[in-house]
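Asker: Have a look; sequence and predicted model below, questions after that.
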Amino acid sequence: MMQERITRLAFTLLPPLAIALGVAATVRGDLLPPLPRGLMEAGPWLAALLGAGLALAYGRTRVLVFIGLVLAVYLGAVFQLRPMAYQGAGDPAPALGYALLTFLVPMIAVANSFWTERYHIAMDLGLRLLAFGACAGIGVVLIRQYPDAAEAFLLTIHWPAVHWPGLGMPQVSSWSLLLGLVITGIALVRGPRPFWAAQWVGLLGMGWMLPQLFHAYALPLSATAILIILSLAVIQESFQMAFRDDLTGLPGRRALNERLQRLGRRYAIAMTDVDHFKKFNDTYGHDLGDQVLRVVASHLRKVGGGGRAYRYGGEEFTIVFPGKRAQQCVPFLDELREAIQDYDIVIRDEKNRPEDRREGRARRGQGRGQTVSVTISMGVAERDAEHPDPEAVIKAADQALYRAKEGGRNRVCTHEG
Ligand SMILES: Nc1nc2c(ncn2[C@@H]2O[C@H](COP(=O)(O)OP(=O)(O)OP(=O)(O)O)[C@@H](O)[C@H]2O)c(=O)[nH]1
């Protein structure tokens, strides 16, 4: 499971990181030729339109809010920070406004990303805007009412030893950004999803772009890149929704249908079914049933012989072996069957769970955690004259599976016997 998560993390994080590093190298290395100013400055708006369009189409209100935050930071840097840097210190109001913005954005981003998308999209978006707008409003009121206290909190360098002026933001803002990165990072590692990766890279990118204030392209190019990364995350998530099974993480039926259309002349297909699963569900409940399906899927994912597993539906899985005969697949299938049969699934007794963690550990130490195991049956068939297309091969594999069940379950049967 661990290795699986690391692979997923790498696949999720590498594309946005590659885009971000590409942009950073372009800016730092001055690799772009002189371009008309308007063109560069149109970038963030065009990318925001693209992202907002996609987010609206797929009902991703979280992304819409994050797009707003990126634009707010970009505009804040261009219209607040830049003039401030030219004019030098004088009126503290713009500095306070900028500090409040950079302090609030990572916090709002985190709150927004943990807020599950519910209700109708307009209602959901309205509630978010109301809540986050209220936070910003309270911040502005507090700054106006208590400018000295606000300055002391937002603009003071509280710990000079750990402050790096090159960060381009007040110290509390950099803490807020760091906290945002840590929380988003943990969420990303625990459940690698394109949105978490996009938000993590986005926060990092915002932190990176602010000190490059006077570089001709840094701000618009970075903002454009972050918004494009967000748009790609929306596309990637919708793609995953269509092709990946949510419960097990395996590719789903649609992905299987796609794969079946592109098989060559020789292939074998195995149908897999969890034994007595209805009884299992009835005895231990649907939640443990779901846990079993995840465990079975994590084994099937590791199938050898060039096979690839899909969730066919319910407790049925399909494994496609390109270039193989049915007999050649049997050892790989048997290996899976044995691994699943030997795997102990620990029942987490939620009702009688001890409050005290130490007691829990002690109880587990005494071997009180009850375990269960399941078995699977498999039927495998290959393409031949009698079964010339994937539908016919699946039907033949289903018949073999039926025989495996009839023969006592926990076994692999081939179509030809
Ligand atoms: N927990 C859980 N159960 C599911 C899911 N999908 C299907 N099931 C259950 O899987 C069971 C399928 O049982 P059956 O096909 O009747 O057969 P079986 O009990 O597996 O028995 P044999 O196949 O004859 O060994 C049903 O009780 C479904 O409710 C799911 O996503 N989660």
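Answerer: Structure received. Quick caveat, the model's predicted, so the values are computed rather than measured.
Asker: Is it correct that Ile319 is in contact with Arg308?
Answerer: Yes - using C-beta atoms under 8 Å, Ile319 is in contact with Arg308, at 6.8 Å. To be clear about C-beta, it is placed using only N, CA and C from the backbone, and glycine gets the same treatment.
Asker: neighbour-wise, which of those two wins?
Answerer: Ile319 (25 against 17; other C-beta atoms under 10 Å).
Asker: Checking the nearest residue to Ala297 once chain neighbours are set aside next. Helix, strand or coil?
Answerer: Take Ala297 and drop its neighbours on the chain: the residue closest to it by C-beta to C-beta, 6 or more residues apart in numbering is Thr248, 3.5 Å away. Put simply, Thr248 is coil when judged by DSSP: H, G, I helix; E, B strand; the rest coil.
Asker: Next one: Thr248 from the ligand, what distance?
Answerer: 9 Å (C-beta to the nearest ligand atom, to the nearest Å).
Asker: Measure how buried the residue nearest to Ile347 when sequence neighbours are not counted is and give me the count.
Answerer: Of all residues not flanking Ile347 in the chain, Gln370 sits nearest, at 4.7 Å (C-beta to C-beta, 6+ apart). Each residue near Gln370 was counted by other C-beta under 10 Å, and the total is 12.
Asker: Report whether the expected contact of Gln370 with Leu288 is present.
Answerer: No - here Gln370 does not reach Leu288: they are 10.7 Å apart, not a contact under C-beta under 8 Å.
Asker: can you list residues touching both of the two?
Answerer: Ile347 (C-beta atoms under 8 Å, 6 or more residues apart in numbering).
Asker: Just the CA coordinates for the helix or strand hosting Ile67, please, in PDB.
Answerer: Here Ile67, judged by DSSP states H and E, is contained in helix 61-76. What follows is helix 61-76 as a C-alpha-only set of coordinates in PDB (Å, rounded to 0.1, in the frame of the first residue of the first chain):
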ATOM      1  CA  THR A  61     -16.100  25.600  -6.100                       C
ATOM      2  CA  ARG A  62     -12.900  25.000  -4.200                       C
ATOM      3  CA  VAL A  63     -10.900  25.700  -7.300                       C
ATOM      4  CA  LEU A  64     -12.900  28.800  -8.100                       C
ATOM      5  CA  VAL A  65     -12.100  30.300  -4.700                       C
ATOM      6  CA  PHE A  66      -8.400  29.400  -5.000                       C
ATOM      7  CA  ILE A  67      -8.300  31.100  -8.400                       C
ATOM      8  CA  GLY A  68      -9.700  34.200  -6.700                       C
ATOM      9  CA  LEU A  69      -6.900  34.000  -4.100                       C
ATOM     10  CA  VAL A  70      -4.200  33.700  -6.700                       C
ATOM     11  CA  LEU A  71      -5.600  36.700  -8.500                       C
ATOM     12  CA  ALA A  72      -5.800  38.600  -5.200                       C
ATOM     13  CA  VAL A  73      -2.200  38.000  -4.400                       C
ATOM     14  CA  TYR A  74      -1.100  38.900  -8.000                       C
ATOM     15  CA  LEU A  75      -3.100  42.100  -8.000                       C
ATOM     16  CA  GLY A  76      -1.900  42.900  -4.400                       C
END
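Asker: What are the buried residues along that helix?
Answerer: Residues of helix 61-76 classed as buried: 61-74, 76 (neighbour count, 16 or more other C-beta atoms under 10 Å).
Asker: can you list the residues that contact that helix?
Answerer: Residues contacting helix 61-76 (C-beta under 8 Å, 6+ apart): 44, 48, 51-52, 54-56, 97-98, 101-102, 105, 108-109, 112-113, 115, 117, 121, 124-125, 128-129, 132, 195, 198-199, 202, 206, 210, 219-220, 223, 226-227, 230, 233-234.
Asker: just stretch 173-189 next, same as before
Answerer: Contacts for stretch 173-189 (C-beta under 8 Å, 6+ apart): 5, 9, 12-13, 99, 102-107, 109-110, 113-114, 154, 163-164, 167, 169, 196-197, 199-200, 203-204, 206-207.
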